[in-house]
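>>> sharing a model that was predicted from the sequence below.
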Amino acid sequence: MVVTPLMWKSLDRYSRYFDILWKNPLEWDVKRKTFIFTPISRRLVPWMICVYGFLSIFNLTLIMLLISHLFGVAQLEFVNIVVILCFTGGAVFTTILESLLMFGGKNAAYAINSMFALAKKLCVPTIDLEITPYFDLKGVTLNLTVILLFTQPFVVYLFTMINSSFNQGIPTPGFTG
């Protein structure tokens, strides 16, 4: 795999957009073009609260919904059960990945930085080239992923507001009690 300038821009854009949030265990340094590992400290407390606190509450809520359906307290349609299972799987996967990042992030940062250094030594003209001679699908995909991840909370908020304004006064089916 060749690292293209568009891929560097994707990492720079990700770092710039999400810099306003809390510190993560593994962050991209734009100036040095390296990953930096932040060990467990006070700076990671908001990140830990978000990952382990909110994701645990989210998982427990979804599991309680499934258990309540299993014991007949709530009547859920099959589509709702599938959506709940998908969200639960995604949240558990995210929790596992974030835990691996926290405990193995130093090794990951070292490995990735070493790969970048070796790639620069082996492919000097390819990495420092400003204009790629072909369509860079990987770079475009990474840039679009960063933009989509950045705009997702705003889109979900707008969708929730629009959806709640249309459903005012309409009872939600599926819950008994």
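That came in fine, so what should we check first? All of these numbers come straight from a predicted model, not from anything done at the bench.
>>> what about the strands in the chain?
26-29, 34-37 (DSSP state E).
>>> other SSEs contacting the last one?
Same thing as strand 34-37. strand 26-29, helix 78-122 (3 or more CB pairs under 8 Å, 6 or more residues apart in numbering; DSSP states H and E). Just so you know, the C-beta spots here come from the backbone N, C-alpha and C atoms, and that holds for glycine as well.
>>> most tightly surrounded among the ones you listed?
Most buried of these by mean neighbour count (mean count of other CB atoms under 10 Å) is strand 26-29; its value is a mean of 17.
>>> who's in contact with that strand?
Identification of contacts with strand 26-29 by CB atoms under 8 Å, 6 or more residues apart in numbering yields 11-12, 14-15, 34-38, 101, 105, 108-109.
>>> related to what we said a few turns ago, how about the helices and strands packed on strand 34-37, which one is nearest Leu44?
helix 78-122 (7.8 Å; CB to CB).
>>> distance from the closest one to the middle of the chain?
Centroid separation for helix 78-122 versus its chain: 9 Å, with CA atoms, centre = their mean, to the nearest Å.
>>> what mean pLDDT does that helix get?
Per-region confidence: helix 78-122 scores 86 on mean pLDDT.
>>> cool, stretch 21-39 as well?
86.
>>> picking that back up, which of the strands of the chain sits closest to Asn163?
strand 26-29 (34.7 Å).
>>> strand partners (parallel or antiparallel) of the closest one?
Note on strand 26-29: by DSSP bridges, its sheet partners are strand 34-37 (antiparallel).
>>> quick check, central residue of this structure?
Leu149 (7.1 Å; CA atoms, centre = their mean).
>>> any figure for the gap between that residue and Tyr17?
8 Å (CB to CB, to the nearest Å).
>>> same thing with Val83?
28 Å.
>>> and Ile131, what's its pLDDT?
pLDDT, read off for Ile131, is 52.
>>> in a markdown table, list the strands of the chain along with distance to Trp47.
Shown next, in a markdown table, are these (distance: least, CB to CB, whole Å):
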| stretch | distance to Trp47 |
| --- | --- |
| strand 26-29 | 11 |
| strand 34-37 | 13 |
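>>> closest one to Gly89 among these?
Of the strands of the chain, nearest to Gly89 by CB to CB is strand 26-29, at 23.1 Å.
>>> can I get the contacts of strand 26-29 in CSV with distance to Phe93?
Shown next, in CSV, are these (distance: CB to CB, whole Å):
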residue, distance to Phe93
Leu11, 22
Asp12, 27
Tyr14, 20
Ser15, 24
Thr34, 27
Phe35, 21
Ile36, 25
Phe37, 22
Thr38, 22
Leu101, 12
Gly105, 17
Ala108, 17
Ala109, 21
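>>> between those, which is closest to Pro25?
So of the contacts of strand 26-29, ranked by how close each gets to Pro25 (CB to CB), first place is Gly105, at 4.3 Å.
>>> brilliant, that's me finished.
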